[in-house]
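A.B. asks: got a predicted structure plus its sequence, pasted below:
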Amino acid sequence: MRVALFVTCLVDVMRPSIGFAAMRLLESAGCEVVVPKSQTCCGQPAWSAGEAVAAQALAKKNIVDLAGFDYVVLPSASCAEHIKNAYPELLASELEWAEKATELSKRTYELTSFLVDVLKLAVVPGCFKGSVTYHDSCKGLRKLGIKQQPRKLLAAMPGVFLKELEESEECCGFGGAFSANFGEVSTVIVDRKCSFIAAAGVDAVLGGDLGCLLNIEGRLRRRGDQTKVLHIAEILATEEGF
Amino acid sequence: MESQALFFRERAAEKACDPRVQKTLQHVRPLFVGKRKKGMQDLAELGMDFDKLQQSAQKIRDRVVKNLDVWLELFEAQAQATGAEVLWARDGAEVARLVVELAQENGVKKVVKSKSMLSEEADLNAALAAAGVESIETDLGEYIVQIAGEAPSHIIAPAVHKTKEEVADLFVQHHGLPRQNDITALAREARGVLRQHFLSADMGISGANFLVAETGSAVLVTNEGNGRMVTTLPRLHVVVAGIEKIIPNLEDLATLLRLLPRSATGQGISNYVSILTGRPPLEANASGVEGPQRMVFILVDNGRAGLLGTEFDSMLRCIRCGACMNHCPVYNSIGGHAYGWVYPGPMGSVLTPLYTSLKDAQDLPQATTGCNQCAAVCPVGIPLPELMRALRRRAVETGLRPWSERLAYKLWAWAATHPVFYRWGVRRAVRYLKWLAGGEEYIRVLGMAPGWTFGRDLKAPLGKSFQEMWADRKG
């Protein structure tokens, strides 16, 4: 099974370890993992800003780059959702592209959803020991139905104790450009999230989208809170501690 | 009401940094969310499914929206057949003119009103005051904001931004009675004051939650009982309602009533549901007949017809329950006043640009995290995040966005479609960010995005991109 790993632009720049963790997980499950060298960004920032022409250009580029793989997997529900839902919509008026977009949509998965729903993975290489809590990111939860998948994977780690986060389904306030354009408002939202994380009193807070994690970690540190902030792939794949 | 949406960005920041506003918002938020959740649990226990009801409700609303002209004519004919009058208003100014004319023709000195957001659109209280007619808001929350000289901050809880201490202060100032400190006593005091107004008013003005085409009736969904007083005691009853409020028949009303109160306050049904229909003119000296002698509908466009047949027509399904704002992280961080016009929250971020001006209100649809919570709770399935994005797209395509932002996206898109150049740029960016952290783990001030570091640090990258590290590993 040939799987293209689309690491996402944010992981490429800000935290490559997530990309390697995702690769390790996929390989441990028996996939042949390919990292298309030409990958850049899924185009969501443009679509979100209303820049349809730019978003269409990125969609077409990625449709070409990601052709021929059995599956395309991303360690981000937000980017996966963009490819799955927005590409067909963006290219709806160009019949040939629309068909390709729909075809790509069907074989594109967020990482935990791919591991659980497609690969039925029951054993993971990670051996983290400690208490964790989980933030459900919005696009994964409300658009892709990702809720139990990360929890099932964590349950396969005997050293991990999952304590559910109060308001875990509420937005962290990231929202891409929103967090920079409306910094004060975004801070209020993420501060509430951080209060619940502090109240959970765990060793680490986990999530499936680096955008949310950068936002949460940034606020936690500003509050003087040193709770670890990790991507679910990192904890599932890493044998050493953090 | 004149829109202040142009100042949204500044106001939002101000409200986000105001500890008093924050305290109230953080207190109120779980109440609304919890009540709706309970309402939905009750629905499930009764064997009803939210998703199925939502689909039915959406169908009912779409059926009207797709053929609005036909339904409006049907409603007009039915209302007239029962003895009510039907007037039409193109915009807020026409609403104000029609109401003032009715008041003057009928020698009206005092008007009592039950809550109507449309009357806020038309700035009706100001127009009546200018014509020398006293108008009293009788919904408790709306009464509070009226005597405070403010606008509602929420469509179903207009004074939700006020603490009970602030209300107590206002009542002392306006009623001249001894200060009351608990909510029940304050409500009782307002009730006493309002009762005198109900008994002495010449005209009652209400909105309508729905207009039933089959019977020519207005439906009012209320909790305080003031709606009944307003619509039955004065000799003249005027209903001011948007043209999109029509529903086909009473059976459809039953479906929508399962969703409206539950979505708004979690109630299985509101304390009062009134179905108000006109009647033939009375004989002179008729005795023993109660209720208003005249019922007049004013059906208002004020921008609504402009949405028909466009990608925004699903917005006309809205039944004004307030669930979208109650569940919105942005609304819950800034409150309703920041939005600057009649409607706050996600529905306001769509309606304000469409009904006033996208140019002046273009920041509203930008203020979203895309969390999709509003769409998930909307009882009539309005895709609010998609509509906000469509407005952002329209802003780009009509040249409303700053040239610097457009250029930035163009350059970025060019780079992202030219991988060799892109990787070169990423290498530079990663090193720059690492340098910015100055040997620390976190960046404290980010000059190119100061909004980010306003309340957050940014974890610095390692100094190499994933692509570089992957190339190194492969050798």
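C.D. replies: Great, that's in hand.
A.B. asks: so what pLDDT did the residue of chain A most remote from its centre get?
C.D. replies: For chain A, the residue at maximal distance from the C-alpha centroid (C-alpha atoms, centre = their mean) is residue A:95, at 29.7 Å. On the pLDDT scale, residue A:95 is placed at 96.
A.B. asks: same check, this time on residue B:285
C.D. replies: Looking at residue B:285, the pLDDT reads 68.
A.B. asks: give me the longest helix you can find in the chain.
C.D. replies: Picking chain A for this. Ranked by residue count, the top helix of chain A under DSSP state H comes out as helix A:183-200.
A.B. asks: try again with chain B
C.D. replies: Max-length helix for chain B by DSSP H is helix B:19-45.
A.B. asks: and the spatially most central residue of chain A, what does it touch?
C.D. replies: Nearest to the mean C-alpha position of chain A, counting by C-alpha atoms, centre = their mean, stands residue A:76 at 1.8 Å. Taking C-beta atoms under 8 Å, 6 or more residues apart in numbering or on different chains as the criterion, residue A:76 is in contact with A:8, A:10-11, A:110-111, A:208-211. Using the backbone N, CA and C atoms, a C-beta is placed for each residue, glycine as well.
A.B. asks: how about a cut-off of 7 Å?
C.D. replies: Residue A:76 makes contact with A:8, A:110, A:208-210, according to C-beta atoms under 7 Å, 6 or more residues apart in numbering or on different chains.
A.B. asks: and what of residue B:362?
C.D. replies: Residue B:362 neighbours (C-beta under 7 Å, 6+ apart): B:353, B:395, B:400.
A.B. asks: rerun at 6 Å
C.D. replies: Residue B:362 makes contacts with B:395, B:400, as judged by C-beta atoms under 6 Å, 6 or more residues apart in numbering or on different chains.
A.B. asks: swap in residue B:141?
C.D. replies: Residue B:141 touches B:157-159, counting by C-beta under 6 Å, 6+ apart.
A.B. asks: show me which of the residues you listed is closest to residue B:292.
C.D. replies: Closest approach to residue B:292 among the contacts of residue B:141 (C-beta to C-beta): residue B:158, at 24.9 Å.
A.B. asks: pLDDT score assigned to that closest one?
C.D. replies: 95.
A.B. asks: which SS class is the residue of the stretch 101-250 of chain B found nearest chain A?
C.D. replies: Of all residues in the stretch 101-250 of chain B, residue B:161 sits closest to chain A, at 15.2 Å by C-beta to the nearest C-beta. Put simply, residue B:161 is coil when judged by DSSP: H, G, I helix; E, B strand; the rest coil.
A.B. asks: packing partners for the helix or strand hosting residue B:112?
C.D. replies: Assigned by DSSP states H and E, residue B:112 belongs to strand B:110-113. Strand B:110-113 sits against strand B:134-137, helix B:183-200, strand B:203-206, with contacts defined as 3 or more C-beta pairs under 6 Å, 6 or more residues apart in numbering or on different chains; DSSP states H and E.
A.B. asks: and the longest one, what's buried?
C.D. replies: Buried residues in helix B:183-200, counting neighbours by 16 or more other C-beta atoms under 10 Å in any protein chain shown, are found at B:186, B:189-190, B:193-194, B:197-198.
A.B. asks: which bits of the stretch 251-400 of chain B sit near chain A?
C.D. replies: B:329-330, B:333-334, B:367, B:369-372, B:376, B:392-393, B:396 (C-beta under 6 Å from any C-beta of the partner chain).
A.B. asks: what pLDDT, on average, does stretch A:202-211 get?
C.D. replies: Per-residue scores along stretch A:202-211 average to 98.
A.B. asks: could you chop chain A up by domain?
C.D. replies: Domain assignment for chain A by automatic domain parsing gives A:2-118, A:130-237.
A.B. asks: where do the strands sit along chain A?
C.D. replies: Along chain A, the segments classed as strands by DSSP state E run A:2-5, A:32-34, A:71-74, A:108-110, A:130-134, A:160-162, A:204-207, A:228-231.
A.B. asks: nearest to chain B, of these?
C.D. replies: strand A:228-231 (8.3 Å).
A.B. asks: which residues touch that closest one?
C.D. replies: A:18, A:204-206, A:213, A:216-217, A:242.
A.B. asks: paired strands for it, with orientation please.
C.D. replies: strand A:204-207 (parallel) (DSSP bridges).
A.B. asks: what does chain A put close to chain B?
C.D. replies: Residues of chain A lying near chain B (C-beta under 6 Å from any C-beta): A:7, A:11-14, A:16, A:19, A:35, A:38, A:40-41, A:46, A:50-52, A:54, A:57-58, A:61, A:138, A:142, A:171, A:175, A:178-185, A:187-189, A:217-219, A:221-222.
A.B. asks: return the residues of the stretch 101-250 of chain B in contact with chain A.
C.D. replies: Going by C-beta under 6 Å from any C-beta, none of the residues of the stretch 101-250 of chain B are near chain A.
A.B. asks: mind putting the strands of chain A in a markdown table, distance to residue B:345 and mean neighbour count included?
C.D. replies: A markdown table is the format used below for the strands of chain A (distance: least, C-beta to C-beta, whole Å; neighbours: other C-beta atoms under 10 Å in any protein chain shown):
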| stretch | distance to residue B:345 | mean neighbour count |
| --- | --- | --- |
| strand A:2-5 | 39 | 21 |
| strand A:32-34 | 44 | 14 |
| strand A:71-74 | 31 | 25 |
| strand A:108-110 | 29 | 26 |
| strand A:130-134 | 28 | 19 |
| strand A:160-162 | 33 | 17 |
| strand A:204-207 | 26 | 24 |
| strand A:228-231 | 30 | 23 |
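A.B. asks: show me the shaky parts of chain B.
C.D. replies: Flagging of chain B using pLDDT under 70 yields the residue ranges B:284-285.
A.B. asks: how close does the residue of the stretch 101-250 of chain B closest to chain A sit to residue B:7?
C.D. replies: Residue B:161 is 17 Å from residue B:7, where distance means C-beta to C-beta, to the nearest Å.
A.B. asks: between those two, tell me which one has more neighbours.
C.D. replies: In this view residue B:161 and residue B:7 are compared by other C-beta atoms under 10 Å in any protein chain shown, and residue B:161 has more residues nearby, 23 against 14.
A.B. asks: isn't the more buried one right up against residue B:151?
C.D. replies: No: judged on C-beta atoms under 6 Å, residue B:161 makes no contact with residue B:151 at a distance of 10.3 Å.
A.B. asks: so where's chain A shaky on pLDDT?
C.D. replies: A:241.
A.B. asks: again, 80 this time
C.D. replies: A:239-242 (pLDDT under 80).
A.B. asks: just to revisit the earlier point, which one of the contacts of residue B:141 has the most neighbours?
C.D. replies: Counting by other C-beta under 10 Å, top hit in the contacts of residue B:141: residue B:158 with 25 neighbours.
A.B. asks: for that residue, which non-adjacent residue is spatially closest?
C.D. replies: residue B:152 (3.2 Å; C-beta to C-beta, 6 or more residues apart in numbering or on different chains).
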